[in-house]
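K.L.:
Below are the sequence and a predicted model for it; my questions follow.
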Amino acid sequence: MSPLTVTLIQTPLYWQQIDANLAMLEEKIWQIDRATNLIILPEMFSTGFTQEAAGLAEPMNSKTFRWMKQQAAQTKAVVTGSYIVREGQSFYNRLLWMRPDGSFSYYDKRHLFRMAQEEKTFTAGESQLIEEIGGWKVCPLICYDLRFPVWSRNRWLPNGTLAYDLLLYVANWPAPRKQAWKLLLAGRATENSCYTIGVNRVGEDGNGVTYSGDSLVTDYRGTVLADLDDQDCIHTMELSYDDLAAYRQKFPVHLDADDFSINL
C-alpha cells in the first residue's frame, strides 16, 4: 500500500474570531509545498476552545463547513479539524472529515472536559468514526478523548485486520499538562499497534490559557517521528504502511487483546 502523506498545522488562533481564523488558516494551507493526502487542523480551529457556543455555533452547511469543502477541493486532500456546531437546541464539538469530492463524515467529541465545564454547554457524541483514505484506516478523536483508552481501543476484526492504522487527535491541550499529552500519545500508539498523531495549537487564548503546541507523530512502537515543539508551523511527512504491516506481523500483540463491548 502507498505511504500516507499527512500535514499538521500547528498555529495560534484568534480568540472567538471565525473569519480571522479561516483567513489565517487558508493562507497556511496554501503554504503547503507538496502534495498531501490529509490536512489536520486543531480542535475548535475557528474560535479557540470556548464555551460561548450560543454566539459562535454554526449549523451544518454554513460558513466553516463551506470553507472546509473549498479547501479540500482545492488541495485535493482530506481536511479535518473540529469546530462548534448547532443542531436544534444542542451544541457539539464536532470534527468534520471533509473529502475532496465534497462528501463528508463527522465525529462528535465523546469525552467533554468537565474541568472547563464543557459538559454543561455541549452534548457528548455516542459513536466512533473510522475513515478510509488511500486504503489506510483512520480513527479521528478530539483532545480529552486521549485520556480514555477504552474509547480508542483498536479491534481485531472478523476479516483478519485491525480496525484502524492511524489514531488521530485534534486538540487545544494546555501547556501545564504537556507531559501527559506526550506520554499518552505514545501510549495510545504502543497499545494499539498504530501510528498516532496529535495536533495541538500554540499561543494564549482569551481565558489566559497557554498552549505549547507539542504536536507529535509517533509510530506503532511509540517512537516520536516528529515533534513540532512550540513552533507556529506547517509540517508534512510520509507514513509507511509497509513498515506498520511488517511490525504487526512480527509482533502481533493484538491477537491476544481482550474482547469487550462499551455500554453508552
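P.N.:
Everything's here; your move. Residues are numbered from 1 along each chain as shown.

K.L.:
Please, where are all the strands along the stretch 151-264 of the chain?
P.N.:
Ranges of strands in the stretch 151-264 of the chain, per DSSP state E, counting those that start in this stretch, are 166-170, 195-199, 202-204, 210-212, 216-218, 224-227, 233-239.

K.L.:
so how many other residues sit close to the residue nearest to residue 99 when sequence neighbours are not counted?
P.N.:
Leaving aside its sequence neighbours, residue 99 sits nearest to residue 78 (Cβ to Cβ, 6 or more residues apart in numbering; 5.6 Å). Glycine gets a C-beta too; all of them are placed from N, C-alpha and C. Using other Cβ atoms under 10 Å, the number of residues around residue 78 comes to 24.

K.L.:
Also residue 76?
P.N.:
Residue 76 has 12 nearby residues by other Cβ under 10 Å.

K.L.:
repeat for the one 10 residues further on
P.N.:
By the criterion of other Cβ under 10 Å, residue 86 has 17 neighbours.

K.L.:
Format the strands of the stretch 151-264 of the chain as CSV; extra columns: mean neighbour count.
P.N.:
Shown next, in CSV, are the strands of the stretch 151-264 of the chain (neighbours: other Cβ atoms under 10 Å):
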stretch, mean neighbour count
strand 166-170, 26
strand 195-199, 27
strand 202-204, 18
strand 210-212, 18
strand 216-218, 23
strand 224-227, 14
strand 233-239, 17
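
K.L.:
and of those, who's closest to residue 92?
P.N.:
strand 166-170 (14.1 Å; Cβ to Cβ).

K.L.:
Can you tell me what sits against the closest one?
P.N.:
Strand 166-170 has contacts (Cβ atoms under 8 Å, 6 or more residues apart in numbering) with 4, 40-43, 45, 80-82, 95, 136-143, 145-146, 152, 154, 185, 188-189, 192, 194-199, 239.

K.L.:
got it, and stretch 105-114?
P.N.:
82, 85, 92-97, 118-119, 122-129, 131, 140-145, 147-148, 151.

K.L.:
Buried ones only from those residues, please, as a PyMOL command.
P.N.:
Remark: buried members of the contacts of stretch 105-114, expressed as a PyMOL selection using 16 or more other Cβ atoms under 10 Å:
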select buried, resi 82+85+92+93+94+95+96+97+118+122+123+125+128+129+131+140+141+142+143+144+145
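
K.L.:
which SSE is residue 95 in?
P.N.:
Using DSSP states H and E, residue 95 sits in strand 90-98.

K.L.:
Apart from its chain neighbours, what residue comes closest to residue 137?
P.N.:
residue 164 (4.3 Å).

K.L.:
Contacts only, for that neighbour.
P.N.:
If you count contacts by Cβ under 8 Å, 6+ apart, then residue 164 has 130, 137, 138, 139, 154, 192, 194 around it.

K.L.:
Of those, which belong to helices?
P.N.:
Using DSSP state H, the subset of these located in helices is residue 192.

K.L.:
Give me the buried entries from the contacts of residue 164.
P.N.:
Counted by 16+ other Cβ under 10 Å, the contacts of residue 164 give 137, 138, 139, 154, 192, 194 as buried.

K.L.:
Just put those in JSON lines and tack on pLDDT.
P.N.:
Output for the buried ones among the contacts of residue 164, formatted as JSON lines (pLDDT from 0 to 100):
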{"residue": "137", "pLDDT": "98"}
{"residue": "138", "pLDDT": "98"}
{"residue": "139", "pLDDT": "98"}
{"residue": "154", "pLDDT": "96"}
{"residue": "192", "pLDDT": "97"}
{"residue": "194", "pLDDT": "98"}
